[in-house]
Structure formats: structure tokens, C-alpha cells
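**Q** What would the 3D arrangement of this be:
(one chain, ligands or ions: 1)
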Amino acid sequence: MSIEIRNVRKTFGDFVALDDVSVSVPTGRLTALLGPSGGGKSTLLRVVAGLEVPDSGEIEIEGRDATNLPARRRNVGFVFQHYAAFKHLSVARNVAFGLEIRRTPKPEIAERVDELLRLVHLESFAHRLPSQLSGGQRQRMALARALAIRPSVLLLDEPFGALDAKVRKELRDWLRRLHDEIPVTTVFVTHDQEEALEVADEIVVVNEGRIEQVGTPDDLYDRPANDFVMGFLGPVTRLGGVLVRPHDIHVEMLPDGVPSGAASARPGEPVVGVVARTTRVGFEVRAEVRAGDEVVSVVVTRAEARALGLAPGVAVRLSPAEGASTSAAPEPVTATAAV
Ligand SMILES: Nc1ncnc2c1ncn2[C@@H]1O[C@H](COP(=O)(O)OP(=O)(O)OP(=O)(O)O)[C@@H](O)[C@H]1O
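**A** Below you'll find the predicted structure:
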């Protein structure tokens, strides 16, 4: 394991930002800290970087106790959402900065900067000032700068958060490829579940100062440890007392309508209801089915919707599809999330 976080507690006044957090970050992997705003992701990253001192607990980096090491001696590279470049220095000098303060010999610096600028596809921008770069290019420069010192771990705090959706997506793909090329142990913070599912090898779900679950994207999506993880990783709907993903619902038509008294199914049993509304979004059809007191969200493909004759007013029987992940749904108020 590259980073071991053991029983870390961090408070700000009365507020508990991290509550006895323990997690291991595997070597050479791309790990996402995922969770809602204010959950403690950035605080956890900052504790690992040495920018925040925990009240108690331990941090080990590459087998070495780093709990009391200052940030500059932890050999970590760090990139923030709003990257502060040296405005008056060229891109190349910004990338070289960490090496210059470490008194690395000049020819070695020049070679390393060339290599890094090639890696982040900024070789033709070496002599520009940061203000002459786009937001995405600036974040790539920030990554090159963080990598310059050959850190044993790379910590990224919402590195693409401030960019527009298209650039964000491009950078996300690029980060995945970059990591495959140079597999430095990398931890990045995101509140975007799609970003975590797409990019990370491993996801740590952080909420209210605690770890909810650690696993691969598949583990978390298919085998969520609890309702929170299930709801956070993708849309869920309430179906007869359980939570299920809207596309994991098997739909059958009831040509004779809803049998009387059939709406009160027990948890886990099929539910019958009437389609209230259908909406086509791209290749999907989303349907709202009114079943007793519940409104169930269902997603099927256009072809399925056509084959079934799914339309407002028709009666259907709904059940979790084979192999669907389900979870108990204790709170009707929050159970039906937007699809
Ligand atoms: N220096 C500080 N002083 C007081 N409270 C703080 C400080 N830093 C963080 N907090 C609080 O700790 C909690 C966790 O913050 P943190 O930034 O770690 O959350 P986060 O999960 O990264 O959220 P976001 O996605 O919004 O950045 C928040 O409620 C925040 O207000």
C-alpha cells in the first residue's frame, strides 16, 4: 500500500470534519475520493499532503510514518482546483520550479522539463506565460509541475472542477491515459460520480467525515454497501419498499388493467401500477409508474418501450430485474430520486 491512513480524526472547533477515518490507497493506482460537498474529501487529501494536521491518527506514505513530516518532505505532488501559477514565469519555468528550489543541475532540469511538456502535450507552449494558456492547458501545466519532482504520490483536489464540461471530459480521459503511461499512485477528489466511475481504479466514498465504502467502480455500482452509496453512485427509485436502479426494473404489461387490491405488495414482491408519464431522452424512454402511494421511475430502451407499448394509461407489473442490486428503502421521502 502506498498510503495508509489510520484512525484519523480532524476537527475544526466543534465540527468533526474527519471521524476516525482509516483507508489504504494501493500503489500505482488511480484512486478517487468521492462524496458530497462538505463531506471531508479535501480535508482528507490535505491531511495526507501535510497541509492540515490531524488531531489524532497516523499517515504512512510508502512505508514511512509521515504523520509529523512537513509537507515538503513527504514527496507528494499537489494540484488544486484553482491552480496558482507563477504569472511572470514561462510555462517551462513554472514546470521547472520544484527542481530549481531543490538545486537540481541545469541540464537535468532542461531534460526533465522537455520530457514533461511532451507528456502533457505542451511542448510548443514552453515559452508562453500561463495567462496565454486555456484553462485545460493550465491544469496540464499544473500536473507537469507536480510531476517534476518525481513524487511518490500525486494528490489532485478537484483538478478539473473549474473547467467547462467538454474540457473537463477531455482532461479526464487524458488523465486516465497519462496514468496508464506513468502509473504514479494518484488520489483525486471529486464530487462527480460519473468522473469517479469513468476514471478511477478504486473509489473511496466519503460522507460526513466517514468512509462509507471502498471498492472498484463495479463493486460500488453493483454491490453498494448501503443506501447512501447506492443513491450517490447513480439514480435510484423506490419499488415496493426496496431501492433499485430505474434501468434494473423488469416491466410486464397487464392487458386487463390493474387487478383490484394488487397495489399493496410486500417488500421485494412485484408491484403493479399505471404509467403516468413517459419521456424520451436520447435512446432511452423514462416512465413514471403510479403504484399505490409510490411513483416508480423506470428506464427502458426505445426498442423495449415500443415492443411493450409503454404509454400513459397502460397497466404494468414491475419487479427488480434478475441480478439487479437492491437495497432496503427506509425513507419514502428521499427514496425516489430524479432519473
Ligand atoms: N479550515 C477550516 N476551518 C473550519 N472548517 C473547515 C475548514 N476546512 C474545512 N472545514 C469544514 O470541514 C468540512 C469538510 O470540508 P472539506 O473541504 O473537506 O469537504 P469536501 O468534501 O472536500 O467538500 P467540497 O467538495 O465542497 O470541497 C466542511 O463542513 C468545511 O466547512
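
**Q** What residues does this protein have near the ligand?
**A** 12, 15, 17, 35, 37-43, 189, 191 (C-beta under 6 Å from any ligand atom). For every residue, glycine as well, the C-beta is placed using N, CA and C.

**Q** pLDDT below threshold where in the stretch 151-300 of the chain?
**A** The stretch 151-300 of the chain contains residues with pLDDT under 70 at 260-268.

**Q** those helices in it, which residues are they?
**A** Counting by DSSP state H, counting those that start in this stretch, the stretch 151-300 of the chain has helices at residues 165-181, 193-199, 217-222, 227-233.

**Q** ok so, going back, want to try CSV for the residues of the chain next to the ligand, with neighbour count and secondary structure as columns?
**A** What follows is the residues of the chain next to the ligand, written out as CSV (neighbours: other C-beta atoms under 10 Å; DSSP: H, G, I helix; E, B strand; the rest coil):
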residue, neighbour count, secondary structure
12, 10, strand
15, 9, strand
17, 23, strand
35, 28, coil
37, 7, coil
38, 14, coil
39, 22, coil
40, 24, coil
41, 26, helix
42, 20, helix
43, 22, helix
189, 25, strand
191, 18, coil
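
**Q** from the residues you listed, which single one is nearest residue 27?
**A** Nearest to residue 27 among those: residue 189, at 19.4 Å, using C-beta to C-beta.

**Q** if we look at the sheet, which residues does residue 33 bridge to?
**A** Beta-bridge partners of residue 33, counted by DSSP bridges, are residue 189, residue 204.

**Q** so how far is residue 320 from the residue minimising distance to the centre of the chain?
**A** Nearest to the mean C-alpha position of the chain, by C-alpha atoms, centre = their mean, lies residue 196 at 2.8 Å. Per C-beta to C-beta, to the nearest Å, residue 196 is found 25 Å from residue 320.

**Q** Residue 318: which element?
**A** Here residue 318, judged by DSSP states H and E, is contained in strand 315-320.

**Q** Next, count neighbours for residue 178.
**A** Using other C-beta atoms under 10 Å, residue 178 has 21 other residues around it.

**Q** who's in contact with it?
**A** Going by C-beta atoms under 8 Å, 6 or more residues apart in numbering, residue 178 touches 119, 120, 143.

**Q** any idea which of those residues is the one closest to residue 102?
**A** So of the contacts of residue 178, ranked by how close each gets to residue 102 (C-beta to C-beta), first place is residue 143, at 18.5 Å.

**Q** so which helix or strand takes in the closest one?
**A** helix 135-148.

**Q** quick revisit: test my guess that the residue nearest to the centre of the chain contacts residue 32.
**A** Yes: at 3.9 Å, residue 196 counts as touching residue 32 under the criterion of C-beta atoms under 8 Å.

**Q** In the stretch 151-300 of the chain, what residue comes closest to the ligand?
**A** Proximity of the stretch 151-300 of the chain to the ligand (C-beta to the nearest ligand atom) peaks at residue 191, 4.7 Å away.

**Q** List phi and psi for the closest residue to that residue other than its chain neighbours.
**A** Once flanking residues are discounted, residue 191 sits nearest to residue 37: 5.8 Å by C-beta to C-beta, 6 or more residues apart in numbering. When read as degrees, to the nearest 10, the backbone of residue 37 gives phi -60, psi 140.

**Q** Let's see the pLDDT reported for residue 37.
**A** With respect to pLDDT, residue 37 has a value of 92.

**Q** what do you get for residue 83?
**A** If you check residue 83, the pLDDT there is 66.

**Q** how close does residue 31 sit to residue 184?
**A** To residue 184, residue 31 is 12 Å away according to C-beta to C-beta.

**Q** neighbour count winner among these two?
**A** residue 31 (23 against 19).

**Q** so that one is in which element?
**A** strand 30-34.

**Q** Run the chain-centre distance for that strand.
**A** Chain-centre distance of strand 30-34: 6 Å, with C-alpha atoms, centre = their mean, to the nearest Å.
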